[in-house]
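Chemist: quick one, what's the 3D model for this:
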Amino acid sequence: QTLNAARKRDIQTTLLQNGEELVNFIGKFLDGPTTSIGHALYALTMFATFLPIEIFLQTQILQRVVVLLNSDSHRMKAAEFLS
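Modeler: Numbers count the residues shown, from 1 in each chain. Prediction:
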């Protein structure tokens, strides 16, 4: 909210240009320890507010998060991201 309009545009453009790589990078943490998985799900949820759904559809991230719905410890964060 404190960034000027030009800087916001620059950040949004960069996120769009590198969105798929960013999502794939965060997805690597879904294979880690419980703490890493939780943080990765949180990060994905935050990026979902900025990135178009097409970026998530181009990766396998949605399928991987759906599998986490079976985990008692990750169910809520996975559902939050998917919603």
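Chemist: wait, residue 16 sits on residue 51?
Modeler: Yes - Residue 16 lies in contact with residue 51 (Cβ atoms under 8 Å); the separation is 7.2 Å. From N, CA and C alone the C-beta is placed, and that goes for glycine too.
Chemist: higher neighbour count, the two?
Modeler: Higher neighbour count among residue 16 and residue 51: residue 51, with 19 against 13, using other Cβ atoms under 10 Å.
Chemist: wait, doesn't the more buried one sit right on residue 26?
Modeler: No - in this structure, residue 51 is not within contact of residue 26 by Cβ under 8 Å, at 11.0 Å.
Chemist: what's the one helix or strand residue 40 maps to in contact with?
Modeler: When elements are assigned from DSSP states H and E, residue 40 belongs to helix 34-48. With Cβ atoms under 8 Å, 6 or more residues apart in numbering as the test, helix 34-48 has contacts from 15, 19, 22-23, 26-27, 29-30, 32, 56, 61, 65, 68, 73-74, 77-78, 80-81.
Chemist: quick one, longest helix in this structure?
Modeler: Secondary structure of the chain per DSSP state H: the longest helix is helix 5-27.
Chemist: what's the angle from it to helix 34-48?
Modeler: Orientation of helix 5-27 against helix 34-48 (axes from the mean of the first three to the mean of the last three Cα atoms, to 10 degrees) gives an angle of 140 degrees.
Chemist: quick one: buried residues of helix 5-27?
Modeler: 19-20, 22-23, 26-27 (16 or more other Cβ atoms under 10 Å).
Chemist: so which other helices or strands are in contact with it?
Modeler: Contacts defined by 3 or more Cβ pairs under 8 Å, 6 or more residues apart in numbering; DSSP states H and E place helix 5-27 against helix 34-48, helix 53-57, helix 61-68.
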